[in-house]
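>>> What would the 3D arrangement of this be:
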Amino acid sequence: MSEDIKKTISELHIYEKKLLKELEANPKATPEEIAQNTGMDIKSVMSAAGSLASKDIIEVEKEVQKTYSLTEDGVEYAEKGLPERRILDVLADKKQIHMKDLADETGVDKKETNIAIGWLRRKNWAEIDKGMVNITDFGKDFVSKLDVDEETLNYLKANADGVKLFTDDLMDGIKKLAGRKNILDIKKETSHSFVILPKGEAILKEGFTIQEQATQLTHQQLKEGEWKSLQYRPYDINAEAPIVFAGKKHPLRVIIDEIREIFLDMGFVEDNGEYVESAFWNFDSLFQPQDHAAREMQDTFYLKNPLTCDLTDDDLVKLTAETHETGADTGSTGWQYDWSEDIARQSVLRTHTTGISTKHLFEHEPPIKMFSVGRVFRRETFDYKHLPEFHQVEGLVCGEGISYQNLLGVLKEFYKKLGFEVRFRPAYFPYTYLSTESEIYLEEKESWIELGGAGMFRPEVLKPLGINQPALAFGMGIERLAMIRYDVEDIRMLYKSDIKWLREVPLDNGVEL
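Numbers count the residues shown, from 1 in each chain. Okay, the predicted model is just below:
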C-alpha cells in the first residue's frame with residue numbers, strides 16, 4: 001500500500017498537493033478560500049479537485065441553490081391579480097360574460113384571455129357554453145379565498161430580493177408559476193465542498209513537499225545547465241491515453257475515392273451525367289424496348305417537372321427508332337413494334353449510370369476509356385439490402401481490336417486493385433452480348449459473391465450512336481462492395497449516421513482509430 005501511495009504522490013501535480021494541504025488544515029475550506037490561500041485561480045482549484053476525485057483521493061460534493069424572484073410581468077400580476085382571478089372576480093358579479101366581451105369587461109388583454117380561460121376551466125372555476133363563460137359553484141365559493149399561486153406571488157412581491165426557502169404549499173405554488181412564461185426569475189447558485197477519502201488520508205499521513213516541478217525544458221535551461229538542478233514531474237508511461245476520434249471520410253466516400261483512383265491509374269477519364277435524364281438515354285439508347293418491365297412505374301421514378309426532355313439529334317433519334325422497330329442494318333430484327341418518340345422524351349431519375357456510357361460514346365470518337373461514379377434511383381422497397389437511392393460505378397472501353405478477352409483482362413486488373421480474386425460466369429443483360437457476371441472470393445466466408453455485371457455492347461446499341469468499333473462495359477453497385485468491405489449485413493447502416501459505427505470503421509489501409 002505504501003509503495004502505491006508513494007507512486008501516487010510522485011505523480012500529483014503541484015496544484016493537487018496545494019489543495020490537499022489546504023484541506024488538511026481546514027477540511028471545510030471552500031474552493032474560494034483555497035484559491036485565496038494558495039494564490040491559485042478558482043478554475044485551477046476546481047481542475048485540481050476533479051483530478052483528485054478521479055483518483056479517489058477526495059470527493060467533490062455539489063449543491064445547487066435556487067433563488068426565486070418576480071419578473072416585471074410577475075410584479076404586475078401580483079399587483080393587479082392573475083388574469084384568471086380578474087376574470088373570476090367579474091364573473092362573480094355578472095355570472096356570465098360572452099367570450100368576445102371578456103377583454104372589455106375584465107381589462108384582461110386578448111392575448112392573456114385565452115390563457116386565463118384555460119386556467120379557469122382547469123381549476124373548475126368557470127365553464128363555457130355556446131360562447132358564454134359561466135362561473136361555477138366552485139368558482140363562487142373560491143372568490144373570497146386566495147389560491148396558492150396568488151399566495152406565492154404576494155410572498156415573492158414582499159421579498160423583492162428573492163427567496164430561497166419555501167414551505168411545501170409555497171413550493172407547490174412555485175412549481176405552478178414556473179409553468180407559466182415570464183413570471184418567475186430563477187437564478188441558480190452552485191457551491192462545492194470537498195471530502196478527503198481514505199486514500200487522501202493515507203497520502204497526507206505519508207507526507208509530501210510542495211515544490212515546483214518541470215514538465216518540459218527550455219532552450220535556455222539546457223544552454224545554461226539549469227536543467228541539472230530541476231525537479232522533474234514523473235510520468236506513468238503505462239497510463240491509458242484518451243481515445244481520440246479524429247475526423248475522417250465516410251466509408252462510402254473512401255470506397256468511391258479508391259475506385260476513382262484505380263480507374264485513373266488504369267488510364268480512364270471520368271464523365272458525369274445528370275440525375276434527371278430522358279427515357280431515351282436511360283432506356284432507348286440501350287436497345288431496351290419501350291414495353292420492357294423495367295420501365296414501369298414500379299421500377300422507375302417518372303417526373304412531373306420537367307415532364308419531358310428534349311431529344312437534340314434527329315438523326316440519332318431516327319436511327320434508334322429504326323433499330324427498335326426493324327433492327328436497321330445491325331443484323332437484328334429489332335423488337336418489331338412502333339417506337340414512340342413521346343415515350344422517349346419522358347423525364348426520369350436515372351436508374352443506372354450506363355446511360356452515361358452511351359451518351360459518351362455518341363459525343364466522343366474512339367478510342368475511348370471512360371468511367372463514371374454516381375447515384376442512381378429506383379422504386380425499391382426499403383429493406384436490409386435495398387434502397388431507392390444508391391451508387392453505381394461504370395467502366396467503358398471502345399476501340400479497334402477490343403474483344404471479350406480484353407473485357408476479362410480489364411476486369412481482372414480492376415478487381416485485383418480492389419484486393420479481390422475474381423472469376424466469371426455467363427450472364428444475360430439486354431444491351432450486351434457476350435455478357436458475364438463477376439464473382440469475388442471472400443476468405444472469411446469461404447464463398448464466392450456476385451459483385452458486378454459486364455459485357456460487349458450489342459450492335460443495336462453501338463450502330464445508332466455512330467460507333468463501328470467494339471466496346472466493352474462493366475459496372476457494379478458501390479453499396480454492395482461497402483457491405484462486403486465493412487462486414488455490414490444491413491445496407492441502411494451505410495446511411496444511418498450511427499456515430500459509434502462510424503467511429504469504429506477502420507481508416508484506409510486497415511488503420512483504426
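
>>> From now on I want contacts and neighbour counts done on CA atoms only, so please keep to that.
Will do.

>>> what is the mean pLDDT for stretch 354-369?
For stretch 354-369, mean pLDDT rounds to 95.

>>> Stretch 282-301 too?
Here the average pLDDT along stretch 282-301 is 87.

>>> and residue 351, helix, strand or coil?
coil (DSSP: H, G, I helix; E, B strand; the rest coil).

>>> What is the neighbour count of it?
Other residues near residue 351 come to 27 when the count uses other C-alpha atoms under 10 Å.

>>> Relative to residue 307, how far out is it?
According to C-alpha to C-alpha, to the nearest Å, residue 351 stands 17 Å off from residue 307.

>>> can you check residue 259 too?
34 Å.

>>> for residue 410, same thing?
39 Å.

>>> With neighbour numbers in mind, choose between those two.
A side-by-side neighbour count of residue 410 and residue 307, using other C-alpha under 10 Å, places residue 410 first with 18 against 12.

>>> Now the helix or strand containing the more buried one: buried residues?
Using DSSP states H and E, residue 410 maps to helix 404-418. The neighbour-count check on helix 404-418 (16 or more other C-alpha atoms under 10 Å) flags 404, 407-408, 410-415, 417 as buried.

>>> got those residues as a markdown table, with distance to residue 372 columns?
Shown next, in a markdown table, are those (distance: C-alpha to C-alpha, whole Å):
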| residue | distance to residue 372 |
| --- | --- |
| 404 | 21 |
| 407 | 17 |
| 408 | 19 |
| 410 | 16 |
| 411 | 15 |
| 412 | 19 |
| 413 | 17 |
| 414 | 14 |
| 415 | 16 |
| 417 | 17 |
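
>>> Adding pLDDT and distance to residue 505, write the residues you listed out as CSV.
Listed next are these as CSV, based on pLDDT from 0 to 100; distance: C-alpha to C-alpha, whole Å:
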residue, pLDDT, distance to residue 505
404, 95, 38
407, 95, 33
408, 95, 32
410, 94, 30
411, 94, 28
412, 94, 27
413, 94, 27
414, 94, 24
415, 92, 22
417, 92, 21
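
>>> List just the nearest of those residues to residue 189.
When the buried residues of helix 404-418 are compared for distance to residue 189 (C-alpha to C-alpha), residue 417 wins out at 62.9 Å.

>>> give the contact list for the closest one.
Going by C-alpha atoms under 8 Å, 6 or more residues apart in numbering, residue 417 touches residue 262.

>>> quick one: it and residue 245, what's the gap?
29 Å.

>>> can you check residue 47 too?
Taken as C-alpha to C-alpha, the span from residue 47 to residue 245 is 24 Å.

>>> Over to residue 4?
In this view, residue 4 and residue 245 are 32 Å apart by C-alpha to C-alpha.

>>> Which residues belonging to stretch 6-17 are considered buried?
9, 12-17.

>>> how far does stretch 479-492 sit from the chain's center?
From the chain centre to the centre of stretch 479-492 is a distance of 19 Å (C-alpha atoms, centre = their mean, to the nearest Å).

>>> mind checking the end-to-end distance for it?
Terminal residues of stretch 479-492 are spaced 10 Å apart (C-alpha to C-alpha).

>>> Quick check: mean pLDDT of stretch 330-341?
The predicted model gives stretch 330-341 an average pLDDT of 94.

>>> Return the set of buried residues in it.
Those would be 330, 334-335, 339, for stretch 330-341 by 16+ other C-alpha under 10 Å.

>>> What lies in contact with it?
Residues outside stretch 330-341 that contact it (C-alpha under 8 Å, 6+ apart): 289-290, 317, 321, 323-328, 459-460, 463.

>>> which one of those residues sits closest to residue 273?
Nearest to residue 273 among the contacts of stretch 330-341, counting by C-alpha to C-alpha, is residue 317 at 19.3 Å.

>>> So what does that closest one have for phi and psi?
For residue 317, the backbone dihedrals (degrees, to the nearest 10) come out as phi -60, psi -40.

>>> does it really touch residue 311, like I thought?
Yes: counting by C-alpha atoms under 8 Å, residue 317 does reach residue 311; the two are 7.4 Å apart.

>>> Those two - which one has more neighbours?
Remark: of residue 317 and residue 311, residue 317 carries more neighbours, 19 against 14, as counted by other C-alpha under 10 Å.

>>> ok, that one - contacts?
For residue 317, the residues meeting the contact criterion (C-alpha under 8 Å, 6+ apart) are 311, 341.

>>> Show the pLDDT at it.
The score at residue 317 is 95. That number is its pLDDT.

>>> cool, residue 169 as well?
65.

>>> for the one 5 residues further on, same thing?
Predicted confidence (pLDDT) for residue 174: 73.

>>> what does residue 145 give?
Residue 145 is given a pLDDT of 67.
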